[in-house]
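Novice: whatever this is, show me its structure:
(one chain, ligands or ions: 1)
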Amino acid sequence: MINRRVTLAQRPVGMVGPECFARDEGLSPTPGPGQVLVEVTWLSIDPTIRGWMQMDTYLPAIEIGAEIRSGGLGTVIESNNDDIPVGSTVFGMVGWQQYAVLGADALVIPEGVEPQAALSVFGITGLTAYFGLLDVGRPVEGETVLVSGAAGATGSIVGQIARIKGCRVVGIAGSEEKCAWLTDELGFDAAINYRTDDVAAKIREHCPKGVDVYFDNVGGDILTAAIGNLALRGRVVMCGAIAQYNDENPRPGPNNLTTLISMRGRMEGFIILDYLSRSGEAIADLATWVMGGDMKYAVDVVEGLDQAPDALDRLFSGANSGKVMVKL
Ligand code: NAP
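Specialist: From the prediction side, this is the model:
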């Protein structure tokens, strides 16, 4: 079978542009012992792909000429693994291509779970929100949780978990529509439009007792504003820094880190891959909340493998609400 791929043509400098991608066609790969061949059906589009395109991070950089690394779903069409039958839907690192070989660690998606849910609230996004907030941020009922990128895939779930745990929740997002969605639909107590509001002043207004947990998806000036409003023993969860991923030169760090000393604060980063062995406990809670009507999730679907670069761009322009994914 012919396998169409979107590959890495050159490493990005600044914003990812069309020059970074190439398209090619070759023969579909052949599964070895214990492996399966899948027809890729959905791609998960994540900000971390931009980092993988540029440099070594927590995973090695994508090689020039290789397909763009990406999580996604596929239907098994050939199996050398008794635990993963032909016809099952699996999640794995499929890459931006039509056919992929996955190993024994391919995760079989239970029947009845919609692909949009499997790639968002019950996927890496939901796990990131769950463990980042509860394990790293450790909110306590009655505390104030501030989250940036709040109308995005991860942030929208973080805010709802915090609400369910009895916290006051304030979100930061990039448009009035997104802010209205947070407060009117998702039950956030307040929302701040970072494009039009004085963020530090609005955090002070909406978090009068200070910020007990700041879940940071964006870094940059918003991180500085949040640190400046930390409550005593406040925690900063370093999940992501999308405002900085396209920086061509390292930007100066927050100039108020001494606040962590006076407030006895804590900043801690995490990578969700370290929590995958505990995914069952997160999915059980998330499923209870979604099926009980306590939690909503939004998806932003782009059609077609060739559109994957445009889908990635949506994360950086803020065109998306909720989880960006590509349907092949
Ligand atoms: P997402 O939030 O669905 O999409 C990214 C959002 O970031 C956009 O919707 C945009 O919304 C906002 N944004 C873009 N540029 C911005 C800027 N300059 N300033 C402020 N906001 C900006 O994406 P996601 O997949 O859920 O990822 C969110 C964050 O989590 C990313 O930083 C990602 O790297 C991180 N992450 C970390 C882990 C981990 O293991 N640590 C795992 C998954 C994701 P606006 O309209 O509001 O600007």
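
Novice: tell me if stretch 106-121 is near the ligand.
Specialist: No. Applying C-beta under 6 Å from any ligand atom, one finds stretch 106-121 separated from the ligand by no less than 9.1 Å. Where you see a C-beta, it was placed from the backbone N, CA and C, and this is true even at glycine.

Novice: same question for that stretch, mean pLDDT?
Specialist: On average, the pLDDT along stretch 106-121 is 96.

Novice: the nearest residue to residue 255 once chain neighbours are set aside: what's it in contact with?
Specialist: Spatial nearest neighbour of residue 255, chain neighbours left out: residue 224 (6.8 Å); criterion: C-beta to C-beta, 6 or more residues apart in numbering. Counting by C-beta atoms under 8 Å, 6 or more residues apart in numbering, residue 224 touches 254, 255, 256.

Novice: with residue 178 instead?
Specialist: 150, 151, 191, 193, 321.

Novice: mind checking which helix or strand the residue nearest to residue 255 is in?
Specialist: helix 220-227 (DSSP states H and E).

Novice: so where do the helices sit in the stretch 201-328 of the chain?
Specialist: 220-227, 259-262, 279-291, 308-317 (DSSP state H, counting those that start in this stretch).

Novice: among the ones you listed, which is nearest the ligand?
Specialist: helix 308-317 (4.3 Å; C-beta to the nearest ligand atom).

Novice: report the buried residues of the closest one.
Specialist: Neighbour counts using 16 or more other C-beta atoms under 10 Å place 308, 309, 311, 312, 313, 314, 315, 316 of helix 308-317 among the buried residues.

Novice: show me which of those neighbour the ligand.
Specialist: 315, 316.

Novice: got a list of contacts for the helix or strand hosting residue 25?
Specialist: Using DSSP H and E, the element containing residue 25 is strand 21-27. Strand 21-27 is contacted by residues 1-9, 65, 68, 306, 309 when judged by C-beta under 8 Å, 6+ apart.

Novice: the ligand contacts on this structure?
Specialist: Residues of the chain that fall close to the ligand, judged by C-beta under 6 Å from any ligand atom: 46-48, 124-125, 128, 149, 151-155, 173-175, 178, 194, 217-218, 239-243, 270-272, 315-316, 318, 320.

Novice: got a markdown table for the helices of the stretch 201-328 of the chain, with mean pLDDT too?
Specialist: Shown next, in a markdown table, are the helices of the stretch 201-328 of the chain (pLDDT from 0 to 100):
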| stretch | mean pLDDT |
| --- | --- |
| helix 220-227 | 98 |
| helix 259-262 | 98 |
| helix 279-291 | 97 |
| helix 308-317 | 98 |
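
Novice: about what we covered before: let me see the mean pLDDT of the next helix or strand after the strand holding residue 25.
Specialist: Using DSSP H and E, the helix or strand that follows strand 21-27 in sequence is strand 36-44. Mean pLDDT, strand 36-44: 98.

Novice: how many residues are close by the nearest residue to residue 109 once chain neighbours are set aside?
Specialist: Once flanking residues are discounted, residue 109 sits nearest to residue 89: 4.5 Å by C-beta to C-beta, 6+ apart. The number of residues packed near residue 89 is 20, by other C-beta atoms under 10 Å.

Novice: how about residue 102: which residues does it bridge to?
Specialist: residue 36 (DSSP bridges).

Novice: what distance do you get for residue 23 to the ligand?
Specialist: Distance from residue 23 to the ligand, counting by C-beta to the nearest ligand atom, to the nearest Å: 24 Å.

Novice: outline the domain layout of this structure.
Specialist: For the chain, automatic domain parsing gives the domain ranges 2-120+297-327, 124-273.

Novice: quick one: what helix or strand has residue 158 in it?
Specialist: Going by DSSP H and E, residue 158 is in helix 153-164.

Novice: distance from the chain centre to the helix or strand following that helix, please.
Specialist: Scanning forward in sequence from helix 153-164 by DSSP H and E, the next helix or strand is strand 168-173. Distance of strand 168-173 from its chain centroid, counting by C-alpha atoms, centre = their mean, to the nearest Å, is 17 Å.

Novice: now swap in stretch 108-119 and tell me
Specialist: That offset, for stretch 108-119, works out to 17 Å (C-alpha atoms, centre = their mean).

Novice: so the residue nearest to residue 109 touches residue 117, yeah?
Specialist: No. Using C-beta atoms under 8 Å, residue 89 is not in contact with residue 117; the gap is 11.9 Å.

Novice: from residue 248, how far off is the residue nearest to residue 255?
Specialist: Per C-beta to C-beta, to the nearest Å, residue 224 is found 20 Å from residue 248.

Novice: got it, and residue 132?
Specialist: Between residue 132 and residue 248 the distance is 28 Å, computed by C-beta to C-beta.

Novice: between those two, who's got more neighbours?
Specialist: residue 132 (29 against 9).
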